[in-house]
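Q: Okay, here's the prediction I keep looking at, along with the sequence it came from:
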Amino acid sequence: MASNSLTKYAHLVLFLLHVLSSANSASVPAIYAFGDSLADVGNNDYLKLSVLKADFPHNGVDYPGGKATGRFSNGKNSADFLADKVGVPTSPPYLSIPSNSNRTQAFLSGVSFASGGAGVLDSTNSGQCLTFNKQIDYFTTVYTELVQELGSAQAQDHLSKSIFSFIIGSNDILSYIRSSDGMTPQQLVDSMITTLRGQLKTIYNLGARKFAFVGTGPIGCCPSLRRKNGSDSCNSLANSISLLYAQGSASLLKDMQSELSGFNYSFFNSTITLLQYLQDPSNYGFTEVKAACCGLGNLNAKVACLPVSKLCQKRSDFVFWDLFHPTEKTAGLLADTIFDGSSPFVYPINVKQLSNL
């Protein structure tokens, strides 16, 4: 009994030291990241049966060390840049944290649950990723362990000051484009928003108060869907669904703020932001907006980014890294707007303002 009390005291001291050090460097102690491959920093590397991985070249060619890290990018992704902006380290993959260790300090510093292939719906890429609901299950474990070690009040205080980021929904739309299963686009989005409401409410009930939500980009303009269109033009159906989802998720967040005490959010409309890069590339330093930097075939989009694929020499010229994902440069520009942009790109507040609440 005495030993247990000493252990709890030690972890309380650890927590207080963490809070003090965080206060000196940032107003936000940690980021808890949920989402798909746009935010995955390595969770899928630990999924033995998944083929949705980026643990091989040419991925990571521009990341420090020049090796693949599980990021679907030539370098850093939006999760890295957002952490840099907020002033905290990139949250490590949940699956990289040993289960047999004392994980309190790791959990206090932020955790990434994001997984390549994940969607709002459990049916999206089932068996190949950590579904959004599975990510929430893992966060429930984090919450439980923090409460056990720190007590409910201290755990709640920490989580209420942290940023909870979400980049999710693209894979549901891509799955629909491949096979609509008889649903209309509106029925798909309605199903996604209904599911998302319950998921975000669960995370709120576990202590989250600051939500940074990234809407899906103009998915129809990614190299893969351009190539399948045959004319290299954007897929209008995919883009229209993405806009519907943006409208639905932004409306959902607004409703939740009016319903839930202490709930605050920042919504990033990545569709209209990324379309600016595609429509006026020279203004942002891009010269190639259609083709992937890494791949093979028309638009480098017939074959995915593999070790045998063609790799562009000047990655900063390209908006897209591979079939679906942005280059490091694009991710950095998007994160700039997420952090300190303004309406209509990010609203009602940006992440910098959210951090300071």
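A: Now that the structure is in, tell me what you want to look at.

Q: in stretch 237-245, what's buried?
A: Applying a neighbour-count criterion of 16 or more other C-beta atoms under 10 Å, one finds 237-239, 241-245 buried in stretch 237-245. Where you see a C-beta, it was placed from the backbone N, CA and C, and this is true even at glycine.

Q: no no, stretch 101-111
A: Judged by neighbour count (16+ other C-beta under 10 Å), stretch 101-111 contains these buried residues: 103-104, 106-111.

Q: just stretch 346-354 next, same as before
A: Buried-residue list, stretch 346-354, by 16+ other C-beta under 10 Å: 346-347, 349-352, 354.

Q: That stretch: end-to-end distance?
A: The first and final residues of stretch 346-354 sit 11 Å from each other (C-alpha to C-alpha, to the nearest Å).

Q: next one: stretch 57-71
A: One end of stretch 57-71 to the other measures 11 Å (C-alpha to C-alpha).

Q: Take the buried residues of stretch 101-111 and keep only those in strands.
A: Val111 (DSSP state E).

Q: Rebuild the buried residues of stretch 101-111 as CSV, extending it with pLDDT.
A: CSV is the format used below for those (pLDDT from 0 to 100):
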residue, pLDDT
Arg103, 90
Thr104, 92
Ala106, 93
Phe107, 97
Leu108, 97
Ser109, 95
Gly110, 98
Val111, 98
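
Q: low pLDDT regions in this protein?
A: Applying pLDDT under 70 to the predicted model, the residue ranges of the chain that meet it are 1-26.

Q: Of the buried residues of stretch 237-245, which is the nearest to Ser78?
A: Distance from Ser78 was checked for each of the buried residues of stretch 237-245 by C-beta to C-beta. The minimum falls on Ser242, at 16.5 Å.

Q: Surely the closest one and Val214 touch.
A: No - using C-beta atoms under 8 Å, Ser242 and Val214 do not qualify as a contacting pair, with a distance of 11.9 Å.

Q: Strands - which of the buried residues of stretch 237-245 land there?
A: When DSSP E defines the strands, the subset of the buried residues of stretch 237-245 inside them is empty.

Q: Take these and write them to CSV, including distance to Gly87.
A: Shown next, in CSV, are the buried residues of stretch 237-245 (distance: C-beta to C-beta, whole Å):
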residue, distance to Gly87
Leu237, 40
Ala238, 35
Asn239, 34
Ile241, 35
Ser242, 31
Leu243, 33
Leu244, 35
Tyr245, 30
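
Q: Need the max-distance pair from the residues you listed.
A: Distances among those were taken as C-beta to C-beta; the most separated pair is Leu237 and Tyr245, at 12.8 Å.

Q: so where do the strands sit in the stretch 251-357 of the chain?
A: Secondary structure of the stretch 251-357 of the chain, counting by DSSP state E, counting those that start in this stretch: strands at 264-268, 288-292, 294-295, 310-311, 318-320, 346-347.

Q: Quick check: buried residues in the helix or strand in which Leu225 is found?
A: Secondary-structure element containing Leu225, defined by DSSP states H and E: helix 223-229. Under the neighbour-count criterion of 16+ other C-beta under 10 Å, helix 223-229 has 223-227 buried.

Q: Identify the residues contacting stretch 325-338?
A: Outside stretch 325-338, the residues within contact range by C-beta atoms under 8 Å, 6 or more residues apart in numbering are 37-38, 62, 72-78, 80-82, 84-85, 212, 214, 266, 268, 270, 273-274, 277, 284-286, 293, 315-316, 318-321, 345-346, 350-351.

Q: what do you get if the cut-off is 6 Å, keeping everything else the same?
A: Outside stretch 325-338, the residues within contact range by C-beta atoms under 6 Å, 6 or more residues apart in numbering are 62, 72-78, 81-82, 268, 273, 315-316, 318-319, 321, 345, 351.

Q: do stretch 309-320 as well
A: Outside of stretch 309-320, the residues within contact range by C-beta under 6 Å, 6+ apart are 58, 74, 223, 277, 286-289, 292-296, 327, 329-330.

Q: circling back: quick check: which of the strands of the stretch 251-357 of the chain is nearest to Ser160?
A: If you check each of those against Ser160 by C-beta to C-beta, strand 264-268 wins as the nearest, at 10.0 Å.

Q: Name the residues that touch that closest one?
A: The list of residues contacting strand 264-268 from outside it, by C-beta under 6 Å, 6+ apart, reads 210-214, 250, 253, 338, 346, 349-351, 354, 357.

Q: List the buried residues for stretch 264-283?
A: For stretch 264-283, burial by neighbour count (16+ other C-beta under 10 Å) applies to 264-271, 273-275, 277-278, 281.

Q: In CSV: those, plus distance to Asp45.
A: What follows is the buried residues of stretch 264-283, written out as CSV (distance: C-beta to C-beta, whole Å):
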residue, distance to Asp45
Asn264, 33
Tyr265, 30
Ser266, 29
Phe267, 30
Phe268, 27
Asn269, 31
Ser270, 25
Thr271, 29
Thr273, 29
Leu274, 27
Leu275, 32
Tyr277, 29
Leu278, 31
Pro281, 33
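
Q: Let me know the closest of these to Asp137.
A: Ranking the buried residues of stretch 264-283 by separation from Asp137, with C-beta to C-beta as the measure, puts Tyr265 on top at 22.6 Å.

Q: Provide the count of other residues in contact range of Gln313.
A: Gln313 has 6 neighbours, counted by other C-beta atoms under 10 Å.

Q: ok, it to Asp122 distance?
A: Noted for Gln313: a distance of 41 Å to Asp122, by C-beta to C-beta, to the nearest Å.
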